[in-house]
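Participant: With the sequence up front, the predicted model follows.
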Amino acid sequence: MMRDNIEKLYQALGFQRWLAKTHDTESISKARHDKNAAKRIVRKPTAPIEPNVIDANYTSWLNEHPSALASFKGMMSLAKGKRIVVFLDYDGTLSPIVNDPDSAFMSDPMRSAVREVARHFPTAIISGRSRGKVYEFVKLDEVYYAGSHGMDIMGPPRLLKSKYQTKALDEKGNEFTVFQPAQEFLPAIGKMLNELEEETKSIEGVMIEDNRFCISVHYRQVQDEEYGMLEEKVQSVLTRYPRFHLTRGKMVLEIRPSIKWNKGNALEYLLDTLGYAKNTEDVLPVYIGDDRTDEDAFKVLKGRGQGYPIIVSSTPRDTMASYSLYDPSEVLSFLIRLARWGGMSSQ
Ligand SMILES: O=P(O)(O)OC[C@H]1O[C@H](O[C@H]2O[C@H](CO)[C@@H](O)[C@H](O)[C@H]2O)[C@H](O)[C@@H](O)[C@@H]1O
């Protein structure tokens, strides 16, 4: 009954949101992320979780992390006179999470919305994927790209004092800079990719993705019973590479060089190169992301005391984000409204 009423309310407000569904893939992945997961078999829960309990939890989580759609007017009234810069994650934000990472396509309406947003505000996409792969999906020249969780940035032409930054020209002769703080790790990454392929080839469903400065080992399509063995194999390869470490995303193990550089640093780097250093008061960064690695960027915004960190989540989650959006379709609605607002405020 309560669920029906809330759904009706959301529909009346024009949201595409449907309240949380009965399956809970995130809790499966959380269980898999447990330290001891390698030593035991993790199975998917068989009994559905009581819908009203989920609704109640989600509704109370929404009080802490209000919908960026429902809060749009208030957010934008505080943005007047400020320079908005938009940062977007890719998977789970601009495209829905799907089984095959190579098929995580972005819809045409989403592409148009991002293009429109970029017409009004500097816009960057910061992803765990390789920069080239994100560009292949997004295909927009109007935005900046940061791949490999921010370790490969194609940003504005402004040069900062850094040995990792080089100038470059795109095909149209436009100047930009490339920032790659993990260059020295490339040979080791190449070797590790081969070893991971070899070690895990007997496990059905594993997919190893070369993200240039980091590696993703996907287990979404691996049998639950085989997950422990997979993690053991990945850990054993990693012991031969002490300058790398493992992080975890949505049904993916990610191997990254152990340097102090993440999506939060990438966000700061891009703001700096756009001319909005830390003490710039009239800048308002908006960051939208769905995964753990996006928390690094949320943390930076909290630290600056600036901007709008927005998490995309259909379940209650621990997060440093201030606002939320339910899923990529709500991201689309938010971007359309933001672009429209940008058009009106520039008149
Ligand atoms: O920072 P992001 O742009 O969010 O990238 C994070 C990882 O996203 C991709 O994996 C996730 O999406 C896949 C497609 O929907 C899904 O199959 C997978 O289970 C998810 O973990 C990408 O393939 C990874 O390389 C990125 O690191």
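Facilitator: Cool, the structure landed. Numbering: from 1, shown residues only.
Participant: I'd like the distance from His245 to the ligand, if you could.
Facilitator: 15 Å (C-beta to the nearest ligand atom, to the nearest Å). The way it works is simple: take the backbone N, C-alpha and C, and place the C-beta from them, glycine included.
Participant: Need the nearest residue in space to that residue, chain neighbours excluded.
Facilitator: Ser258 (5.0 Å; C-beta to C-beta, 6 or more residues apart in numbering).
Participant: thought the one you found was touching Thr247?
Facilitator: No - between Ser258 and Thr247 no contact is recorded; they are 10.6 Å apart, counting by C-beta atoms under 8 Å.
Participant: Count the residues that sit near the residue nearest to His245.
Facilitator: Neighbour count for Ser258, taken as other C-beta atoms under 10 Å: 12.
Participant: Could you pull up the residues touching it?
Facilitator: Residues near Ser258 by C-beta atoms under 8 Å, 6 or more residues apart in numbering: 243-245.
Participant: Just the buried ones among those residues, please.
Facilitator: Phe244 (16 or more other C-beta atoms under 10 Å).
Participant: can the contacts of Ser258 go into TSV with extra columns for pLDDT and secondary structure?
Facilitator: What follows is these, written out as TSV (pLDDT from 0 to 100; DSSP: H, G, I helix; E, B strand; the rest coil):
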residue	pLDDT	secondary structure
Arg243	98	coil
Phe244	98	strand
His245	97	strand
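Participant: I'd like the distance between the residue in the stretch 101-250 of the chain that the ligand sits nearest to and Val217.
Facilitator: Proximity of the stretch 101-250 of the chain to the ligand (C-beta to the nearest ligand atom) peaks at Gly128, 2.7 Å away. Distance of Gly128 to Val217, given as C-beta to C-beta, to the nearest Å: 12 Å.
Participant: now do Met251
Facilitator: Distance of Met251 to Val217, given as C-beta to C-beta: 10 Å.
Participant: for the stretch 51-200 of the chain, which spans come out with low pLDDT?
Facilitator: Flagging of the stretch 51-200 of the chain using pLDDT under 70 yields the residue ranges 51-54.
Participant: For it, what lies in contact range of the ligand?
Facilitator: Counting by C-beta under 6 Å from any ligand atom, the residues of the stretch 51-200 of the chain close to the ligand are 89-92, 97-99, 101, 104, 127-129.
Participant: Mind checking which of those residues are buried?
Facilitator: Neighbour-count burial (16+ other C-beta under 10 Å) applied to these gives 89-92, 97, 101, 104, 127-129.
Participant: And the furthest pair within those?
Facilitator: The most widely separated members of these, counting by C-beta to C-beta, are Asp89 and Pro101 (14.5 Å).
Participant: re earlier: now, among the contacts of Ser258, which is nearest to Phe334?
Facilitator: Closest approach between those and Phe334, by C-beta to C-beta: His245, at 33.4 Å.
Participant: So the closest one is in contact with Ile259, correct?
Facilitator: No - here His245 does not reach Ile259: they are 10.0 Å apart, not a contact under C-beta under 8 Å.
Participant: all helices of this protein, in order?
Facilitator: For the chain, the helices defined by DSSP state H cover 2-12, 25-33, 51-64, 72-77, 108-120, 131-138, 186-200, 224-238, 263-273, 295-304, 328-345.
Participant: any idea how far Gly249 is from Ile255?
Facilitator: 12 Å.
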